[in-house]
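# return a 3D structure for these sequence lines:
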Amino acid sequence: MDRTEKVVSTTTDIRVKTRKNLLTPKNAPYVFIGPAFLLMLIFTVYPVISSFILSFQEVRGVEKSFVGFANYTRLFHDPIFYKSLLNTFEILIVQVPIMLFLSLLIAVGLHSSMIKGKAFFRISYFMPAITAMVAASIVFMILLDERFGLVNYFLSFLGIDAIHWLTTPFWAKVTVIIVMTWRWTGYNMVIFLAGLQNIPAELYEAASIDGAGKVKQFFMITIPQLKPVFIFTVVMSTIGTLQLFDEPFILTNGGPNSATMTITLYLYEKGFKFFDFGYASAIAYVLVLITAVISWIQMKLVGDLEE
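Got it, this is the predicted structure:
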């Protein structure tokens, strides 16, 4: 009986040691990040590689055929692609500076000690960023209705004729810009506010002692100290605008006459409306290249200015 108990005890000890050795300080990090890494491979890396391969293929039903650079050369002869690219850049050039200026202005105001109820205003300005775009778009469509919208109703008191917000090319683009600015100003405001709170108060105290006024302090202290925040917000806002989809899709569906057709919306239509997946993948990788180049140029320019 004693020998049997010793054998069983020895076997149990070996099993326990073996199980303990499976998780060591060296391999523990890899074990813990393994599931997340596997999911990233399945849902991120694999689709990216598969899409890149697909951009060199033509898809007809379930059949795929290799066509080389035909999808990419087709882009250079596609007027709608150029139109969507131009629309995207027009919105980018107008909307991003306006939005960032308003974000900075609101952040400076809420950072001031004279403002009461800061928490309420911060939440109020940030709420549009977490509001469902479908619900917000319905509200804007009601407000901007040509006949019964409240905006045109109030404009009539000023003697201004009703504006066709969603059915004319110029005003449709203006509407998209307004909705984007409403949605993302509060988001960037929070980022600027975080940057303002990290500026040492001693800098402003020293400037006040030297006789610098509030305006001079803003341009000589606040703006230089916020340069990293400016880099981040400009790059992220540019990337977000180049990927613009929700607002034109819900409000105008790219119209009228492709006036609000963005490159991402065009990609969506080619891929999921006409099932031209190879061409849609080519558009996606051209967009990735454009985004990378513009982001690099922005960071390079800001870096040169800092030097």
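# now do the buried residues in the strand or helix carrying Phe89.
Phe89 belongs to helix 79-111 when assigned by DSSP states H and E. Residues of helix 79-111 classed as buried: 81, 83-85, 87-89, 91-92, 94-96, 99-100, 102-104, 106-108, 110-111 (neighbour count, 16 or more other Cβ atoms under 10 Å). Yep, even glycine has a C-beta here, placed from its N, CA and C like the rest.
# tell me the helix or strand right after it.
On the C-terminal side of helix 79-111, the closest following helix or strand by DSSP H and E is helix 118-130.
# now the element after that following helix, going C-ward?
Trace forward from helix 118-130 with DSSP H and E and the next one is helix 133-143.
# can you map out the strands along this protein?
57-60, 63-66 (DSSP state E).
# could I get the ones you listed as TSV with mean pLDDT?
Formatted as TSV, the strands of the chain follow (pLDDT from 0 to 100):
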stretch	mean pLDDT
strand 57-60	83
strand 63-66	82
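# show me what contacts the residue nearest to the spatial centre of the chain?
Nearest to the mean C-alpha position of the chain, by Cα atoms, centre = their mean, lies Gly240 at 3.2 Å. By Cβ atoms under 8 Å, 6 or more residues apart in numbering, Gly240 lies in contact with Trp184.
# swap in the one 10 residues further on?
Ile250 is in contact with Met133, Val134, Ser137, counting by Cβ under 8 Å, 6+ apart.
# quick check: Ile283 touching Phe81?
Yes. Using Cβ atoms under 8 Å, Ile283 is in contact with Phe81, at 7.0 Å.
# quick check: neighbours shared by those two?
Common neighbours of Ile283 and Phe81, counting by Cβ under 8 Å, 6+ apart, are Leu75, Ile263, Tyr266.
# which regions of the stretch 201-307 of the chain lie under the pLDDT threshold?
The model of the stretch 201-307 of the chain has pLDDT under 70 over residues 302-307.
# return the subset of the shared contacts of Ile283 and Phe81 lying in helices.
Leu75, Ile263, Tyr266 (DSSP state H).
# hmm, back to that, what helices and strands are in contact with the helix holding Phe89?
helix 118-130, helix 169-197, helix 227-242, helix 263-268 (3 or more Cβ pairs under 8 Å, 6 or more residues apart in numbering; DSSP states H and E).
# of the ones in helices among the shared contacts of Ile283 and Phe81, buried ones?
For these, a burial check counting by 16+ other Cβ under 10 Å picks out Ile263, Tyr266.
# name the nearest of the ones in helices among the shared contacts of Ile283 and Phe81 relative to Val45.
Nearest to Val45 out of these is Ile263 (Cβ to Cβ; 23.7 Å).
# residue contacts, the closest one?
Ile263 is in contact with Phe81, Ser84, Leu85, Thr88, Leu242, Ile283, Leu287, counting by Cβ under 8 Å, 6+ apart.
# in those, find the pair that's most separated.
Phe81 and Leu242 (14.0 Å).
# what distance do you get for the residue nearest to Ile98 when sequence neighbours are not counted to Leu289?
Closest residue to Ile98 apart from its sequence neighbours, by Cβ to Cβ, 6 or more residues apart in numbering: Thr181 at 5.9 Å. Per Cβ to Cβ, to the nearest Å, Thr181 is found 27 Å from Leu289.
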